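1. Could you work out the structure for the sequence below:
(chains A, B, C, D and E, ligands or ions: 4)
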Amino acid sequence: GSSDDGDTPAAGGITQVKVGVIPIVDVAPIYLGQQKGFFKTRNIELTMESGQGGAAIVPGVVSGQFQFGFSNMTSLMIAQTKNVPVKVVANGVASTGEAGKDFGAVAVRKDSPITKAADLAGKKIAVNTLKNIGDTTVRESVRKAGGDPSGINFVEMPLPNMPAAVENGQVDAAWVVEPWLSVVTAAGGRAVAWNFVDAAPNLTVAGYFASTKLIADDPDLVKRFTEGVNESLAYADAHPDEVRAVLATYTKIDPKVIASLTLPKWPTEINKPSVQTLADLGAKDGIFGSATPDLSKILP
Amino acid sequence: MIKRLLLVLGLPVVLFATWYAASANSENFYAPPLRQIMVAFADTWTPERLRTDVLPSLARLGAGYLLAAVLGIALGVAIGMNPRLRAAFEPVLEFFRAIPPPVLVPVIMLFAGIGNGMKVIVIVTGCVWPVLLNTVEGVRAIDGVLSDTTRAYGVTGAARLRYLVLPSASPQIFAGLRQALSIAIILMVISEMFAASNGLGFTIVQFQRSFAIPEMWSGIILLGLLGFLLAELFRLGERYTLAWYHGLRDAQRRS
Amino acid sequence: MRKDDAMLKVDGLRKVYRSGSREVEALRDLTFTVEAGELVCLVGPSGCGKTTLLRCVAGLLEPTGGEVFVDGGPVAGPPPGMAVVFQEYGRSLFPWMSVRDNVELPLRRKKMPRSRRRELVAEALASVGLDGTESAYPWQLSGGMQQRVAIARAVAYEPTILLMDEPFAAVDAQTRADLEDLVRSLWRRLGVTILFVTHDIDEAVYLGQRVLMLSASPTVVQDELTVDLPAERDQLHTRADPRFTAQRAHVYAQIQAAKARTGTASGAAGELSSADR
Amino acid sequence: MRKDDAMLKVDGLRKVYRSGSREVEALRDLTFTVEAGELVCLVGPSGCGKTTLLRCVAGLLEPTGGEVFVDGGPVAGPPPGMAVVFQEYGRSLFPWMSVRDNVELPLRRKKMPRSRRRELVAEALASVGLDGTESAYPWQLSGGMQQRVAIARAVAYEPTILLMDEPFAAVDAQTRADLEDLVRSLWRRLGVTILFVTHDIDEAVYLGQRVLMLSASPTVVQDELTVDLPAERDQLHTRADPRFTAQRAHVYAQIQAAKARTGTASGAAGELSSADR
Amino acid sequence: MTAPDAAAPRTFRGGRALLGLSGLAGLLVLVEVLPRTGLVSADYLPPTSRILAALADEAATGPFWVAVGDTLTAWAAGLAIAVAAGVAVGILIGAVPVLRAVTASTVEFLRPIPSVALIPLAVLLYGSDLGSSLLLVVYAAFWQVLVQVLYGVADVDPVADETARSFRLGAFARVRHVLWPTALPYVFTGVRLAAAVALVLAVTAEMIIGAPGLGAVIAVAQTSNAIPTMYALIVVTGLLGVTINIGARAAERHFLSWHQSVRGEIPA
Ligand SMILES: Nc1ncnc2c1ncn2[C@@H]1O[C@H](COP(=O)(O)OP(=O)(O)OP(=O)(O)O)[C@@H](O)[C@H]1O
Ligand SMILES: Nc1ncnc2c1ncn2[C@@H]1O[C@H](COP(=O)(O)OP(=O)(O)OP(=O)(O)O)[C@@H](O)[C@H]1O
Ligand SMILES: [Mg+2]
Ligand SMILES: [Mg+2]
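-> Ligands and ions are numbered 1, 2, ... in the order given. Predicted coordinates:
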């Protein structure tokens, strides 16, 4: 193993840092920041480790194989209720807060009878992960639109399969994020609910986190990383064209889609009330079991 | 009987005891003490849970395994008996064999939807290979003199299959079936990672994602127990079907 | 060769085994005929190609040259109504079947009631002295018993042409005599055409109407003897007959001659050549 | 039985095969001794338990009762310096090894230079008439050639005790005679103790110093004959010797008697009993 | 132990390769036709021509070959360890009946545990290094070899075994000269099974953990909805499988030339 390669400053005081990320649009700022040298100037040499979701990233961070990781807020709150020793160190990505212009939505096919969020009640909806941020926020959308969310049948499905599943009628609707949202709409599909927008204004969707051990042992590194991320977030938010350019480097998204897809917001501040709302929604849907997440333990 | 029980349980007991002792003071979040796991096991795998999650899984497992066995043996016999057929099909089969199920599943979903059918197909596509390969090799290895005997006496077609090919290849076919059994369990888990809402695999993955680590380990232990139980059943079936084979080998070794 | 209605006609048969760089000419040029209902014995030194010949006749092996005709037609696969007792008797029994099932298997193709089948099986096993072993597996039997199961299988099949490759090699003298008489009575009763390979010259003369003697390899038909003994034979009197003694001496001398010609004292290893190593 | 320095002592040997509900008493009660350097032949009806006896002596099979002593010690596993030629010669050759390697394999354990080993192998193969086949695989040989490879393997091993189970069953008469002389010369040259199973009564008398006759099963030693022939034997004169004829007649009569006693005409099937089916 | 190389087998081998190619060609045509007839949407299963175009694009880039190299490294190392361990343990357990009886239940308990369930453990121990991939690959492939070896060792002909025992061959010589050749055909099947499983696990581990290699590239293609590229990469995985099998078959023809399964097919 190489469990502590990253902790020891390499020659010239540069710290090697591994960040566990999912190679999707949400993490564009950190790639952009790396390109722009926002981490170099803070004596951090970044390596991105692209895992497929929490199964690999969280254990990697907990064991010190990665110094930082990227995860959605609901997963982090679930982790907190189970006393996983991790804590958010920087904001990750947020909803645009504008219905019709967000980076994730519930979409149906062209000729679907479903036209508004309330119609989703009792339907079969695909989400990429059950009992997580997707189903809780979609339920909230339906609830707010006056529908009954209790009868919704959520099925788990990888995002790449959703456009086909919607079109074949395997599911009635799917919660998709970019770039699949663009793919569905390009094929004639319609967005019928903007679940992030409906859940809370300017919802903070995800964040960068570290293990509590690292935070205690090397507060300086954490501070430098947080600053680097914040600078990257601000820069990305201000330079959408450069974001689209950097997307082409670490993803294989079709250039036409890159040009047109809706980018999320990258504020540097975590919207704590919105996270609290997420926590409440999750608790309502029972995804934390009997526990309730303690935000003070998870947010900086 | 007692001796057999000792043999079966001896090593597992020792290993579990070691695990128990070694993990007693574990601070590691992902490797909790076995004590905790055992508590979680009792809490998690209630009869209700077994009915709603394990039973559907077992049904899919059974369907997939049987289908794979039939398909593997049928295809294997055909390919094993005909070198030309084998030459034509082997590259295509090897091609599919090398594709990982997590990549294949989305493709299968395109055709088979997201229901139980898809999960059964995933199980079949994974565990047909050991049966197929072993059947092919078993059929190829049929003793020349035996094969000549059936030909000379005009035992052909279905009779040849039934009285020569299948029995003669059966030791190796059973090796394949034995392999396929544990692979079927593994693929049951993998298939339930996609588009499932119940099942043992789904539950374990759900535990893993929600950081319920002792519960996840308890699920893995349950998988192991399941594998062990099925293997015992399998052993009984094999003892019965291959009685002549084991008799032949034991008679001269131990009598 | 002789008449045209021969049951078996072997014409210029040649067989070369090729595997890798090794090439063995097992049969060089064999030509002979067996009439329908004839009992012909085949003798020849070890390794001269008797088994090879039998396998070509049975349609189990493709000749390198020449042709084999059974019942007028050229042999492509095993001809119908043929039974073979293989030299490797142990390996020709199915280890997963009881003795009964082994004997019964070839009968299944013949349309006959189950009871008749059982009867044939029981009779055949009794005639080789194996009653009582029906439910045993072949590997629970002694070598000689296994060989007798293989014979019983051929007998129960009631073939029209019967090929036997040293079928009595593993049984004791007394059993051997009994089996010889069994084969002769079977032959006379059913009018089977029999080609019988043996190493025992006495046996060849006692059993056959004719004895074909093969040379050591490169193998050709070295000599042929029409056995000048009455059709009614029995162990005691026939073997004491001076004609019997004379004829076995003739065969013996021929085989000696065959061996002497190949140089090596006791083998037929001469035919083994290595093409390029 | 006789002296105490016996090479091989079989004492009250009993063997019952059990498998499932089937029980076969292969050997009931065998007692005999073989002195060091003796050549003893064993005859008996097919299925009477000769192979079983040999396997017990070789330490490959656990007796049900009684004991076997080799060189003074009780037999638990195969005793050192022993070579066995199995009745199933085909299956006792390793198909994955060339003839040469098959013969050489047992020699590897003996500390000797490689060249000496090669020499022994070549000599042994030549002595059974198989020179030229060294690089062939056993399954490329005829039945008789395979059997001779198995014999060559035993010969090359230069054993102190040699067990042979119908070792010449698959070879022609001439080769058989040559091999008989080979065994006798080996025995006289090396002073090997030999236990030789055969179905050929002439062979037993020609080869042995003593002939042990087993009964049909339930098997006991039925009779024993000390062969009253000069140590110098050869195929022509010995077989013409009137003493030879008398003794083979004696053995023949004994075996006839053994068979007659068990009722069935030609088999040893009587010993097969079914415990509960 | 030379492979058959006379003229006749060679032409047959040429024919064999042709037949195999025609089988693959059939698959290519099928995949070209299926989307074009509209049975499935070309958006989700692109026709062969587009997949091949994407493959050509990929093959022109350096990182692609680095990824192939990484995957093959993990595969080869994992397979080698699994085969060595599987064969050694299998022969040991198979040859000693007591060991077999004692370990049987544990083996059956451990075998059905999916490698994917061990991913957190692997990451815990090795992060996203080669080590994690190796752990998963070895764990999965080991059992395949082990079970085959166990069945192979049980297949020893009793007469052959007795022959070896009667000449008092030592334990090692019996393993080397009797057990091993008997088990070899089973081992070959085991290795072929394990080779594919190792490839599958290497790619899966790379996909999920993000260890460098083809799997990681596939994951990126998947999360980017680059469907033709994804299929192109799948094709690469499949072709690796085909290549590996060709190698295994060649080795088999060489080492098992004495075995019925090989010699039975050489026209005599
Ligand atoms: N599969 C084979 N490959 C190569 N050579 C073979 C093969 N089978 C037989 N031979 C060779 O052909 C020759 C004749 O063999 P065959 O078995 O026909 O002899 P045979 O007359 O039956 O001898 P025996 O009396 O010893 O059984 C032998 O030299 C043998 O080595
Ligand atoms: N593995 C076995 N299981 C059950 N019965 C067996 C087994 N092996 C041998 N027998 C029985 O033991 C008896 C003696 O067999 P054995 O092989 O010793 O006879 P044999 O004297 O060598 O006969 P042959 O001369 O025919 O070779 C036979 O009745 C046989 O059926
Ligand atoms: Mg022969
Ligand atoms: Mg015997």
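2. So A:Leu281 sits against A:Val142, correct?
-> No - look at A:Leu281 against A:Val142 with C-beta atoms under 8 Å: they stay out of range, at 11.9 Å. (Glycine included, C-beta is placed from N, CA and C.)
3. which of the two has more neighbours?
-> A:Val142 (27 against 20; other C-beta atoms under 10 Å in any protein chain shown).
4. Which secondary structure elements does the strand or helix carrying that one sit against?
-> Element membership for A:Val142 (DSSP states H and E) is helix A:133-144. Here helix A:133-144 is seen to pack against helix A:73-81, strand A:124-127, strand A:153-156, strand A:173-177, strand A:190-193, helix A:195-199, helix A:272-284 when contacts are counted using 3 or more C-beta pairs under 8 Å, 6 or more residues apart in numbering or on different chains; DSSP states H and E.
5. Kindly present the ones you listed as CSV, with separate columns for mean pLDDT and distance to chain B.
-> Below are those laid out as CSV (pLDDT from 0 to 100; distance: least, C-beta to the nearest C-beta, whole Å):
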stretch, mean pLDDT, distance to chain B
helix A:73-81, 86, 5
strand A:124-127, 88, 8
strand A:153-156, 86, 5
strand A:173-177, 90, 11
strand A:190-193, 86, 21
helix A:195-199, 84, 19
helix A:272-284, 86, 11
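6. Please identify the most buried of these.
-> Neighbour counts (mean count of other C-beta atoms under 10 Å in any protein chain shown) averaged over each of those peak at strand A:173-177, with a mean of 27.
7. other SSEs contacting it?
-> strand A:104-108, strand A:124-127, helix A:133-144, helix A:162-168, helix A:180-186.
8. Ligand 4: which of those is closest?
-> With C-beta to the ion as the measure, helix A:162-168 is the member of the helices and strands packed on strand A:173-177 nearest ligand 4 (69.7 Å).
9. got the contact list for the closest one?
-> A:107-109, A:126, A:128, A:157, A:170-171, A:173-174, A:176, A:180, A:183-184, A:187, A:189, B:109-110, B:113-114, E:41, E:43-44, E:225 (C-beta atoms under 8 Å, 6 or more residues apart in numbering or on different chains).
10. List buried residues within the residues you listed.
-> A:107-109, A:126, A:128, A:157, A:170-171, A:173-174, A:176, A:180, A:183-184, A:187, A:189, B:109-110, B:113-114, E:43-44, E:225 (16 or more other C-beta atoms under 10 Å in any protein chain shown).
11. Report pLDDT for the residue of the stretch 201-300 of chain A found nearest ligand 1.
-> For the stretch 201-300 of chain A and ligand 1, the shortest gap (C-beta to the nearest ligand atom) falls at A:Lys252, measuring 57.3 Å. The model reports A:Lys252 with a pLDDT of 85.
12. quick one: it and E:Ser224 touch, right?
-> Yes - applying C-beta under 8 Å, one finds A:Lys252 in contact with E:Ser224, separated by 4.1 Å.
13. which stretches of the stretch 1-150 of chain C have low pLDDT?
-> Low-confidence segments of the stretch 1-150 of chain C, defined by pLDDT under 70: C:1-5, C:20.
14. quick one: contacts for the nearest residue to A:Glu231 once chain neighbours are set aside?
-> Computed as C-beta to C-beta, 6 or more residues apart in numbering or on different chains, the closest residue to A:Glu231 that is not its neighbour in sequence is A:Phe38, at 4.6 Å. Going by C-beta under 8 Å, 6+ apart, A:Phe38 touches A:Gly228, A:Glu231, A:Ser232, A:Tyr235.
15. Same check on E:Leu27?
-> B:Val92, B:Phe95.
16. cool, and A:Val192?
-> Contacts of A:Val192 (C-beta under 8 Å, 6+ apart): A:Ala105, A:Val106, A:Ala107, A:Val108, A:Ile114, A:Thr115, A:Lys116, A:Ala117, A:Asp119, A:Leu120, A:Ala173.
17. Am I right that B:Phe234 sits in a helix?
-> Yes - under DSSP: H, G, I helix; E, B strand; the rest coil, B:Phe234 sits within a helix.
18. Which pLDDT value does the model give it?
-> B:Phe234 is assigned 90 on the pLDDT scale.
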